[in-house]
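>>> Take this sequence and fold it.
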Amino acid sequence: MPLKLWSIALVCIQPACSNHKLTAAGLYRTVRKVLDIDGWYDMATEYLECKRCKKKCPAWSEDILGQLDIGHRRKFPAILTNRYSCDYRVVIMMRERTQGNSVTQLYKKLQEEHSAAWTRRTLEYLTACEPFVDSTIIEPPVFSAPPPLPPLPKPKWLLSVYARDVLSRLPEVKAKITSVFGSVLKMDSTKKVTKKLAGAAANTAGWCTNVANEHGQVLVSVLTAAEGHGLWPMAAGLMRRYREAGVPPPVIMYVDRDCCSQHAQRQSQVRAMFSEWNELIVRLDIWHFMRRFAAGVITEAHQLYGTFMARLSR
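Here you go, the predicted model:
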C-alpha cells in the first residue's frame, strides 16, 4: 500500500491526464497466492483511481511500482504472473545457474521444504486437538482433517518466473556486460549460434562474431551475413567503450585469420579496424596456428589424422 502506508505521490500514466495525482479507492478485490520457500502466503493491495480519466489500477501493477524509489520498490516481495506469484527469495535461488543447479533441482528442494513445513504444521494441529479428544469430562468434539499439501507449480513455470526476473534486471545486466574489459582479446566467428535462430529470426544471419578477453568473458557479440563483413561498427563501439571508461587499450588480439599481410605495404584488416589502438599486436591464435600444420594432409579421413592432431593438441 504505497499510498496508504508511505503517502507516496503517485500519478496517472495516461497521456491525456498529464500526470494527474492518483487517489485511494479502497482495497483491490483480488488476493494473490504467493509461492514461498516453505509454503504459500496471501498478498493484498490497494486500489488507486485517477479522478480525471476515472481509470483504476492496483498498486502492484508495473505502472505503479515503476514510480517508487529503489528503497520502497525493494519492499515489494514477489513477481506476479497470470495464475500464481513467486516470492523473490525463491527467485534468488534460481539466479545461481551453475551445473547441477537446474530448475528441476530447485523444484525438488521446494517440494522437500513444503512437505517438511506442512508436516510440522499438521503435527502442531493434531497435538492441539489431542487433549480434547482424550478428555473424559466433555464429549469429544469432531475435528476436521488437516488440509492437504498444496501442489507446487511445475518447473516450466519456475523457469518463466526466472526469465521475468532477468528481464526486470536487464539494465543492470547490460551495465555489467559493458563494464567488462581485458588486455588480451580474442576475436573469432562461428556458424553454430546462427543455426539455432528460430522463428522470424531464422536464416537472417550467417555468422556470429565474438570478442572475448583473457578470462573468457565475451565483450561483444554481433551477427553478420558473411564472415568478416560488417565488423567495423563493432570495432568502433569496442574502442569507444575503452576510451570512455579510461581503460588502457588491449596489448594483443588473437584472430583466426588476417593476422598479417602478404604485402609489407598493406596493413592487415584487423589492424585497420582497431586503428585507435596503435600498440595493438595482432597474432594468430594457437588453435588455428596448430591447424596450419595439418594443411599438407590430403584428407581428414586418414587413419593417423586424429592421432596426429591429438598429439599436437597435447
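>>> looking just at contacts, which helices and strands does the one helix or strand Met93 maps to meet?
Per DSSP states H and E, Met93 falls inside helix 88-95. Applying 3 or more CB pairs under 8 Å, 6 or more residues apart in numbering; DSSP states H and E, we find helix 88-95 packed against strand 78-80, helix 103-134, helix 155-168. (Glycine included, C-beta is placed from N, CA and C.)
>>> Could I get the buried residue list for the second one?
Neighbour-count burial for helix 103-134, with 16 or more other CB atoms under 10 Å as criterion, is recorded at Val103, Leu106, Tyr107, Leu110, Glu113, His114, Ala117, Trp118.
>>> That helix vs helix 155-168, what angle?
Orientation check (axes from the mean of the first three to the mean of the last three CA atoms, to 10 degrees): helix 103-134 against helix 155-168 gives 120 degrees.
>>> Quickly list the domain ranges of the chain.
With domains defined by automatic domain parsing, the chain comprises 1-168, 176-308.
>>> Let's see the distance spanning the last one from one end to the other.
So that's domain 176-308. Length of domain 176-308, first residue to last, CA to CA, to the nearest Å: 42 Å.
>>> follow-up on the earlier one: turn the helices and strands packed on helix 88-95 into JSON lines, including distance to Leu312 and mean pLDDT.
Output for the helices and strands packed on helix 88-95, formatted as JSON lines (distance: least, CB to CB, whole Å; pLDDT from 0 to 100):
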{"stretch": "strand 78-80", "distance to Leu312": "51", "mean pLDDT": "92"}
{"stretch": "helix 103-134", "distance to Leu312": "39", "mean pLDDT": "91"}
{"stretch": "helix 155-168", "distance to Leu312": "41", "mean pLDDT": "89"}
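>>> Reformat the ones you listed as CSV; add distance to Arg240.
Formatted as CSV, the helices and strands packed on helix 88-95 follow (distance: least, CB to CB, whole Å):
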stretch, distance to Arg240
strand 78-80, 35
helix 103-134, 38
helix 155-168, 26
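>>> if we compare these, which one ends up closest to Gly237?
helix 155-168 (23.3 Å; CB to CB).
>>> buried stuff in that closest one?
Those would be Pro155, Trp157, Leu158, Ser160, Val161, Tyr162, Asp165, for helix 155-168 by 16+ other CB under 10 Å.
>>> Run through the neighbouring helices and strands of it.
Going by 3+ CB pairs under 8 Å, 6+ apart, helix 155-168 lies up against strand 78-80, helix 88-95, helix 103-134.
>>> which stretch in the domains of the chain is the model least sure about?
Comparing mean pLDDT across the domains of the chain, the weakest is domain 176-308, with a mean of 83.
>>> quick revisit: got the CA positions of the helix holding Met93 in PDB?
Coordinates of each C-alpha in helix 88-95 appear next as PDB, following Å, rounded to 0.1, in the frame of the first residue of the first chain:
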ATOM      1  CA  TYR A  88      11.800 -13.100  -4.500                       C
ATOM      2  CA  ARG A  89      13.500 -15.500  -2.000                       C
ATOM      3  CA  VAL A  90      12.700 -18.300  -4.400                       C
ATOM      4  CA  VAL A  91      13.700 -16.300  -7.400                       C
ATOM      5  CA  ILE A  92      17.200 -15.600  -5.900                       C
ATOM      6  CA  MET A  93      17.700 -19.300  -5.600                       C
ATOM      7  CA  MET A  94      17.400 -19.600  -9.400                       C
ATOM      8  CA  ARG A  95      20.000 -16.900 -10.200                       C
END
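>>> And the contacts of that helix?
With CB atoms under 8 Å, 6 or more residues apart in numbering as the test, helix 88-95 has contacts from 35-37, 77-79, 103, 106, 109-110, 158, 161-162, 165.
>>> ok, back up a step: mind checking which of the helices and strands packed on helix 155-168 is nearest Tyr47?
strand 78-80 (15.6 Å).
>>> what lines up beside the closest one in the sheet?
Here strand 78-80 is paired, per DSSP bridges, with strand 85-87 (antiparallel).
>>> And the contacts of the partner strand?
32-37, 41, 43, 77-79, 158, 161.
>>> mind giving me a markdown table with the helices and strands packed on helix 155-168 and columns for distance to Thr190?
Shown next, in a markdown table, are the helices and strands packed on helix 155-168 (distance: least, CB to CB, whole Å):
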| stretch | distance to Thr190 |
| --- | --- |
| strand 78-80 | 34 |
| helix 88-95 | 27 |
| helix 103-134 | 27 |
